[in-house]
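Asker: Structure of the sequence below:
(chains A and B)
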Number of protein chains: 2
Amino acid sequence: MNFRISKNIFYNAIQSVSRAITPNSPVPALCGIYINAAEDSLVLTGSDADISIEITLSNANNEKTNLSVIETGSIVIDARYLNDIVRKMDSDEIQIEIIDGTLTRFSGGNAEFKINGYRPGDYPSVDFSVPEIRFSIKASDFVNIIEETAFAASSKETRPVLTGVNLHSDGSNLIATATDSYRLAKKTFPISTSEFNITVPAKCLNEVKSIYGSSEDEIEIALSTKKIQFRSSSTIMQSRLLDGGYPETERLIPKEFGYTMVINRRALISAIDRTSFIKTDNMSIIRLQINNKDDIAVMNKSQEIGESREELFASSYEGEPLDISFSGNYVMDAAKALSSDEIMIRFTGEMKPFVLTDADENSTVLQLVLPVRTYN
Amino acid sequence: MNFRISKNIFYNAIQSVSRAITPNSPVPALCGIYINAAEDSLVLTGSDADISIEITLSNANNEKTNLSVIETGSIVIDARYLNDIVRKMDSDEIQIEIIDGTLTRFSGGNAEFKINGYRPGDYPSVDFSVPEIRFSIKASDFVNIIEETAFAASSKETRPVLTGVNLHSDGSNLIATATDSYRLAKKTFPISTSEFNITVPAKCLNEVKSIYGSSEDEIEIALSTKKIQFRSSSTIMQSRLLDGGYPETERLIPKEFGYTMVINRRALISAIDRTSFIKTDNMSIIRLQINNKDDIAVMNKSQEIGESREELFASSYEGEPLDISFSGNYVMDAAKALSSDEIMIRFTGEMKPFVLTDADENSTVLQLVLPVRTYN
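Answerer: As a prediction, the model looks like this:
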C-alpha cells in the first residue's frame, strides 16, 4: 500500500470514522482505522462492533481529494496516532506507505513517522450490505427528529430497549418515541415507505447528528430487523438495533385534559433554570401553583439550601386551580425540545402525566412528563 | 443587613472573590462569601485560609454600582448558591436582605430566593493589613513575569518550597525563579524597592493572572516574610508564603557554552509538538542531532508506537556536532515562555543542562532544561 492524498480531506474523514471507535476496545484492532487503498479510491472504516462508519474518498467524488494510489493494499492504524499525525502535519499532502509488514510510513513536509499498525486480517469484518427497507429524508429533518426525542431515552441499562429511540412507520408517517419511563418524547414526521418498527440506540443517533449536522442534503436510511444504515454520497454509518419489544406507549398518553395553560416557552425555561440549584437528593423538584393565568408561582424548596418563589404569567389558562410538582430538568428538557414561542401544557390531575406541545394546533412533537409526589 | 446593588457589578465581584474559595472546605463557612454592607460600601471576602481576596464596591469607586444600603450588617452565603442566583437573575438590580437569623432573601425581577447562610461569627478573621515592603508594577508586566516562570514550578508536594515562585529583589531588580529540579525558569525585571527574598505559591500567582489579566493599570505589591498582597483600587488579594529556604539556583546555570544554536522558535515548537504523541513511559523523549545549521534532526522513538524524524534548519550553529536527548514538553514549555521569533539555545555537553533565551542580546528570560539519558 502506498498513496498520497490531501491532508485536510484525509483528516476530516479520519475524524468522522473515529466517531465509531472506542479507545481501549477489547478487540485491539478496533482501536484502529482500517485503511484500504484501491485503484481509484480510499476506503476508511471505524467500528466498535455496534456502530460502524465507512467513508470512501476519491477524486471522482471530490477533485480536491488529490488521491494518487501508487500501490493498492490495506492496513489498520491506531486512530489516536493517526489523528495526531495527520492533524499536526505541516504540508498540504500526506503520503502513507507500508514499508515492512505492518510498519507504515507517514511523510509530509520535513517530517516522517514510522508507526506499527495492525494486520488487516485482525480487523473484524463489517457487513455494509444495504438492508431492504429504504427511504430518503433531508439530513436536517432527521437531526431535528433526534433532537426532539433522543434526550428522553434512558441512560440506565436496566431495561436496554429504553436506551434507544423507537422508530415506527405505518407507511405514511415516521413516529419516533423515546422514554425513560418517567417522561416520554414523541415526534411524528410524514414519510412514504414500508411499515417497520425498530429501536435504534440513542448513542448511534447522537453520532448521526454529529456526522450529518444541519446539512440540507438528503440522506438515505436503510433498515432491516437487524440494523439501520445512514447513507450519503461518501459516507455509510450503520448500527445494530436494540433487541426486545418496545413498550406500547400510546396508551400512556392522556387524550382528555382538565387543565390547559398556554405560556411563553423561554419564560418557563428561565424560571425553572433560575431555581435549579436548589436540590433535594440531587434533584430539583419544582412546585407549580396555578390559580389563574395571572397568578402562577414556580416554587422550589430544600431543607438544606433554602427556597425560591417566582411569579409567572400565562397567555391563557383554562381549568380549576392546580398544584403540581415535577422534576425541573425534565420539564426544561421537554420545553427546550419544542420550538414555538408559546407552548401548551395540558394536565389531567395533580398525580397524572401532563403533556407539553407547541401551542400551534399542528404540533408534531409531544412531550409527556410524570409528576412527582412531594411532602413539602 | 439590607441593600440593593447593580446585578452585573455584584456578579463580577463575587466571581472574582470566588477564585479564592475551595468548595468543600473543612471549615464550612469558608465555602461562603463574606458579605459586609457598611454605610457607603459593600465589602466581599473569599478565602481558603491560604489565599484571600477582598473586593470593595461603592458608588464613589464606580457610579454604575448603584449601591443603596438600607440597613448595614453582614452575612456569609455559600459561593455556589450566590453565583447561581446572581448569574441567572433577570433584573438590573438585586436586593439582598437578612430576614431571620441567617436566612437571607435575594430578590430581583419576579423571583425571590430565601437561602440559609452562615453566621458571620463563624467566618475565620482574615488580616488584610498592609505589609511593609511595597512597590508598584504595571499589572500586565507582573502577569508576564508569572507566565514566563510559574509553569516551571513543581506540581509535586515532596519539596513544598519548589511549588512556588521565588521572588528576590536586590534593590534594583526583581528576580523571579521557578524550578522543579529538572528545569528552571528565571526572569529579571527592573524595580526600585527594598531587598527581599520570598517564595509565593504558584497557585496564588495563577489567580493573580486571572484577576488582573492584561490590565495596563498599576498594581501595588506589598510583602513581608509572612505574606504577599496585590492591591488595586477596589481589590486586595493576598497569599501566605511558602516556608523554607529556596535553593541557591544561580550556581546551577552554566556560564560558558561550547555549542550555540539560533533557531526559529515556532519551527522548533511545531516539530516537537508533532511527535509528542510518541511516548515512552508516558513521556515524550526527543533526541536532537545537530551536525551543522543545515543538518539538524528531531527524533523520537518508542518500542510500542513507532518512531519519527524531522529535519530542522537553524539560523546559525557554532560548535562541534551534538547528540542530546530531553523531555519534549519541557523544551516546548520553555520555548513558549520566550517571546522573540528567533531563540538561542546554548549547550555545554550531552549530559549537561542547556539554556534557552530570546536570541536578542538583552533577553531578560532564561530557561534551563536538564537532558535525559536514553538507551536508543
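
Asker: contacts, neighbours, all on C-alpha from now
Answerer: OK.

Asker: residue ranges of the helices in chain A, please?
Answerer: For chain A, the helices identified by DSSP state H occupy A:7-18, A:79-88, A:139-149, A:202-212, A:265-274, A:328-336, in order along the chain.

Asker: quick one: which of these is nearest residue B:145?
Answerer: With Cα to Cα as the measure, helix A:79-88 is the member of the helices of chain A nearest residue B:145 (29.8 Å).

Asker: Residues contacting the closest one, please?
Answerer: Contacts of helix A:79-88 with the rest of the structure, by Cα atoms under 8 Å, 6 or more residues apart in numbering or on different chains, involve A:7, A:10-11, A:14-15, A:18, A:21, A:31-33, A:94, A:106, A:113, B:273-275, B:277.

Asker: buried subset of the residues you listed?
Answerer: A residue is treated as buried here by neighbour count (16 or more other Cα atoms under 10 Å in any protein chain shown); on that basis the buried members of the contacts of helix A:79-88 are A:7, A:10-11, A:14-15, A:18, A:21, A:31-33, A:94, A:106, A:113, B:273-275, B:277.

Asker: Give me the neighbour count for the spatially closest residue to residue A:238 that is not a sequence neighbour.
Answerer: In space, residue A:238 comes closest to residue A:229 once its chain neighbours are excluded; the distance is 4.2 Å by Cα to Cα, 6 or more residues apart in numbering or on different chains. Summarising burial for residue A:229: neighbours were counted as other Cα atoms under 10 Å in any protein chain shown, giving 23.

Asker: Kindly state the beta-bridge partners for residue A:184.
Answerer: Beta bridges link residue A:184 to residue A:179, residue A:368 when assigned by DSSP bridges.

Asker: pLDDT score assigned to the residue in the stretch 151-300 of chain A positioned nearest to chain B?
Answerer: Across the stretch 151-300 of chain A, the shortest distance to chain B (Cα to the nearest Cα) belongs to residue A:274, at 5.5 Å. pLDDT, residue A:274: 97.

Asker: Find me the pLDDT at the nearest residue to it once chain neighbours are set aside, would you?
Answerer: With Cα to Cα, 6+ apart as the measure, residue B:88 is the residue that lies nearest to residue A:274, at 5.5 Å, once sequence neighbours are left out. Predicted confidence (pLDDT) for residue B:88: 95.

Asker: Count the neighbours of residue B:88 for me.
Answerer: Residue B:88 has 15 neighbours, counted by other Cα under 10 Å.

Asker: cool, and the one 3 residues further on?
Answerer: With neighbours defined by other Cα under 10 Å, the count for residue B:91 comes to 15.

Asker: One more: residue A:329?
Answerer: Applying other Cα under 10 Å, we find 17 residues neighbouring residue A:329.

Asker: who are the neighbours in contact with the residue nearest to it when sequence neighbours are not counted?
Answerer: By the measure of Cα to Cα, 6+ apart, the closest residue to residue A:329 outside its immediate chain neighbours is residue A:284, 7.2 Å from it. Taking Cα under 8 Å, 6+ apart, we find residue A:284 in contact with A:275-278, A:300, A:327-329.

Asker: would you list these in JSON lines and tack on distance to residue B:136?
Answerer: Formatted as JSON lines, the contacts of residue A:284 follow (distance: Cα to Cα, whole Å):
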{"residue": "A:275", "distance to residue B:136": "44"}
{"residue": "A:276", "distance to residue B:136": "44"}
{"residue": "A:277", "distance to residue B:136": "42"}
{"residue": "A:278", "distance to residue B:136": "44"}
{"residue": "A:300", "distance to residue B:136": "49"}
{"residue": "A:327", "distance to residue B:136": "54"}
{"residue": "A:328", "distance to residue B:136": "51"}
{"residue": "A:329", "distance to residue B:136": "50"}
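
Asker: Can you flag which of those residues belong to strands?
Answerer: Judged by DSSP state E, the contacts of residue A:284 include A:300, A:327 as members of strands.

Asker: what about residue A:246, how many neighbours?
Answerer: Residue A:246 has 18 neighbouring residues, counting by other Cα under 10 Å.

Asker: scratch that, residue A:352 is what I was asking about
Answerer: By the other Cα under 10 Å criterion, the neighbourhood of residue A:352 contains 14 residues.

Asker: Repeat that for the one 4 residues further on.
Answerer: Applying other Cα under 10 Å, we find 25 residues neighbouring residue A:356.

Asker: show me what contacts it?
Answerer: If a contact means Cα under 8 Å, 6+ apart, then residue A:356 has A:334-335, A:343-346, A:366-368 as its contacts.

Asker: Make a ChimeraX selection of whichever of these turn out to be buried.
Answerer: A single ChimeraX command selects the buried members of the contacts of residue A:356 (16+ other Cα under 10 Å):
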select /A:334,335,343,344,345,346,366,367,368
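
Asker: Return the closest of the contacts of residue A:356 with respect to residue B:73.
Answerer: Nearest to residue B:73, judged by Cα to Cα, of these is residue A:335 at 41.2 Å.

Asker: Please tell me I have it right and that closest one contacts residue A:265.
Answerer: Yes. Residue A:335 lies in contact with residue A:265 (Cα atoms under 8 Å); the separation is 6.5 Å.

Asker: Now do the shared contacts for those two.
Answerer: Common contacts of residue A:335 and residue A:265, defined by Cα under 8 Å, 6+ apart, comprise residue A:343.

Asker: need the residues of the stretch 151-300 of chain A near chain B, please.
Answerer: Remark: the part of the stretch 151-300 of chain A in contact with chain B comprises A:271, A:273-275, A:277, using Cα under 8 Å from any Cα of the partner chain.

Asker: hmm, which two among those residues are most spread apart?
Answerer: Taking Cα to Cα as the measure, these span a maximum distance of 11.8 Å, between A:271 and A:277.

Asker: In TSV: the residues of the stretch 151-300 of chain A next to chain B, plus distance to residue B:27.
Answerer: Formatted as TSV, those follow (distance: Cα to Cα, whole Å):
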residue	distance to residue B:27
A:271	33
A:273	29
A:274	28
A:275	26
A:277	22
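
Asker: which one among the residues you listed gets closest to residue B:68?
Answerer: Nearest to residue B:68 out of those is residue A:274 (Cα to Cα; 24.4 Å).
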